[in-house]
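sequence and predicted structure are below.
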Amino acid sequence: MPPANSNQAELSPGRAAIAQLWHENPIFRQVLGICSALAVTNRMFNTLLMCGGLIWATTMSSLTVSLLRNYTPQRVRIMVSVLIIAVYVIVVDITMRAFFPDIHRDIAAYVGLIITNCIVLGRLEAFASKNPTLPSVADGFGAGLGYSFVLMLVAVVRELLGFGTLFGFDLGGFTGWWTGNNYQWVIMIMPPGAFFVLAVVVWVMRGYALRKEAAAEGGK
Amino acid sequence: MTDMMTILAQTTDTAEALRQTDPSMMTQMVLILLAAAFTENILLTRFLGMCPFLAVSRNLRSATGMGLAVVFVTTGTVFLNSLLYYKVLVPIQAAGVPIPAESLKLILFIVIIAAFVQFMEMLIERISLKLYVALGIFLPLITVNCAILGASLFMVNKDLTNAESLVYGFGAGLGWCIAIILMAGIREKLKKAKIPAGLEGPGITLIITGIMALTFIIFQGMIQT
């Protein structure tokens, strides 16, 4: 669970969303929700669907939890949150099965696992259960977007290097050159590749953020 | 392209292939256990339970505590969920009652897991105070460990029988436990190493996990018929 941020209470909706997108980015600042970040990123289209599902789940459950925040007893609030998330995840699950049955077969387990995705529960606990509706929705949406943007980055690298394609589209000469002579960079599609690419993405982003913070402090 | 797809397919259907090729009950159980713990390690090949893995692997003591708690809870909940799914949900659906077993399982599994953890906490407190103190802080954390729910969902995907799912749950938990203990050992040594500031913490841990996942790929050739 991320540490509750004391100054978040006064944030406007826009600020709340932007904070989640970069300064408090769920993946490389708070290191939450890594499981699905690794599992679904070997093809960009799967990743896009997963991100859509997560944005929907964080936004809608933030809305619901925030609306119910004054009526939920403290002691059962985690259980209530989990059930609310579960309802929205089931909506995602059914929609995906109806429209993208092939992809659903591959990532069904990970869609179900949005329920225990710590990003969603973390935002509900740290923000939506204490704040008015509008900022909560913005905060949930921002967290989902922040997660999605790191995931898409990882997916671009993995699909490009692993299959030589983008969104499954053949990139003409590049794909032929990359996958020609029976040479393929299998490791990028297999589990270890996921760990390495995410590690590098986290490294670059954290390094950049740290340097900026150091520069800002030096300026004062 | 086809090579890659076969490699990916091999990693997913080991249990199914085993059942068809090996008739002996005991060997089958041992193989399911080994497959769950090594070739399909829930952390290194399925990426489940990463958050506690990154957070709790700083020292060996707490990693061991967390690992044991996970073994315990996965074994119990995968078995309970398997009973619930195959003995209650599926028969009700087969009898013609229009319940969406596929979707309903998500909610029911998570409720079972939360209830199991709560119940275990109370039970262990009564039976052994020593064990309670050892596992104490890790038990509540487990409800949000996606390896637990993931193991149950994969159990349904793989079509395991009740007895097989007991073994599978234990194997999956064991695999997670081994991975986090290995990681904690490495991270304790790593404290003395010089690491670039941006790579510290999650970054370096992910890279080590990647190398660990590479080594676990070796096991894939071992369980094949």
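Thanks, I have the structure now. Residues are numbered from 1 along each chain as shown, chains lettered A, B, ... in the order given.

which regions of the chain sit below the pLDDT cut-off?
Went with chain A since none was named. By pLDDT under 70, the weakly predicted segments of chain A are A:1-11, A:30, A:171-184, A:219-220.

can you look at chain B instead?
For chain B, the stretches flagged by pLDDT under 70 are B:1-23, B:134-138, B:140-141, B:143-144, B:221-225.

apply 90 and report the result again.
Applying pLDDT under 90 to chain B flags residues B:1-70, B:72-73, B:86-150, B:153-164, B:189-206, B:213-225.

check which helix or strand the residue nearest the centre of it maps to.
The centre of chain B sits closest to residue B:172, judged by CA atoms, centre = their mean, with a distance of 3.7 Å. If you go by DSSP states H and E, residue B:172 is part of helix B:162-190.

so the residue lying farthest from the centre of chain B versus residue B:88, what's the distance?
In chain B, the greatest distance from the average C-alpha position (CA atoms, centre = their mean) is reached by residue B:96, at 33.3 Å. Applying CB to CB, to the nearest Å, the value for residue B:96 to residue B:88 is 15 Å. For glycine as for every other residue, the C-beta is placed from the backbone atoms N, C-alpha and C.

now do residue B:24
Distance from residue B:24 to residue B:88, counting by CB to CB: 30 Å.

so between these two, which is more surrounded?
The neighbour comparison of residue B:24 against residue B:88 (other CB atoms under 10 Å in any protein chain shown) goes to residue B:88, with 12 against 9.

can you tell me how far that one sits from residue B:167?
In terms of CB to CB, residue B:88 sits 21 Å off from residue B:167.

so the residue nearest to residue A:150 when sequence neighbours are not counted, which of the three states?
Closest residue in space to residue A:150, ignoring its immediate chain neighbours: residue A:27 at 4.3 Å, by CB to CB, 6 or more residues apart in numbering or on different chains. Following DSSP: H, G, I helix; E, B strand; the rest coil, the label given to residue A:27 is coil.

dump stretch A:191-199 to CSV, keeping only the CA atoms.
Output of stretch A:191-199 as CSV, limited to C-alpha atoms (Å, rounded to 0.1, in the frame of the first residue of the first chain):
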residue,chain,number,x,y,z
PRO,A,191,9.5,-13.9,-19.3
PRO,A,192,13.1,-12.7,-18.7
GLY,A,193,12.8,-10.1,-21.5
ALA,A,194,9.9,-8.5,-19.6
PHE,A,195,11.9,-8.1,-16.5
PHE,A,196,14.9,-6.6,-18.3
VAL,A,197,12.8,-4.1,-20.4
LEU,A,198,10.8,-3.0,-17.4
ALA,A,199,14.0,-2.7,-15.3
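
the residue nearest to residue A:150 contacts residue A:34, doesn't it?
Yes - using CB atoms under 8 Å, residue A:27 is in contact with residue A:34, at 7.0 Å.

mutual contacts of those two, please.
Common neighbours of residue A:27 and residue A:34, using CB atoms under 8 Å, 6 or more residues apart in numbering or on different chains, do not exist here.

these two: who's more crowded?
residue A:34 (28 against 25).

in chain A, which spans are strands?
Taking DSSP state E, the strands of chain A run over residues A:165-166, A:169-170.

any idea how far residue B:40 lies from chain A?
The gap separating residue B:40 from chain A is 10 Å, by CB to the nearest CB, to the nearest Å.

distance check, that residue against residue A:32.
Relative to residue A:32, residue B:40 is positioned 24 Å away (CB to CB).

check residue A:170 too.
From residue A:170 to residue A:32 the distance is 35 Å (CB to CB).

now residue A:203
Taking CB to CB as the measure, residue A:203 falls 17 Å from residue A:32.

who's more crowded, these two?
Using other CB under 10 Å as the criterion, residue A:203 and residue A:32 rank with residue A:32 on top: 25 against 21.

pretty sure residue A:121 is one of the things the more buried one touches, is it not?
No - with contacts counted by CB under 8 Å, residue A:32 stays clear of residue A:121, the gap being 9.0 Å.

state the distance from residue A:187 to residue B:71.
From residue A:187 across to residue B:71, the span is 30 Å (CB to CB).

likewise for residue A:188?
Counting by CB to CB, the gap from residue A:188 to residue B:71 is 32 Å.

please apply the same query to residue A:72.
For residue A:72, the distance to residue B:71 - CB to CB - is 33 Å.

mind saving the C-alpha coords of the strand or helix carrying residue B:133 as PDB?
In the assignment (DSSP H and E), residue B:133 maps to helix B:129-135. Included here for helix B:129-135 are C-alpha records, laid out as PDB according to Å, rounded to 0.1, in the frame of the first residue of the first chain:
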ATOM      1  CA  LEU B 129       1.400 -18.300  19.500                       C
ATOM      2  CA  LYS B 130       4.900 -18.800  18.200                       C
ATOM      3  CA  LEU B 131       3.800 -19.500  14.600                       C
ATOM      4  CA  TYR B 132       1.400 -16.600  14.900                       C
ATOM      5  CA  VAL B 133       4.200 -14.200  15.800                       C
ATOM      6  CA  ALA B 134       6.300 -15.500  13.000                       C
ATOM      7  CA  LEU B 135       3.600 -15.300  10.300                       C
END
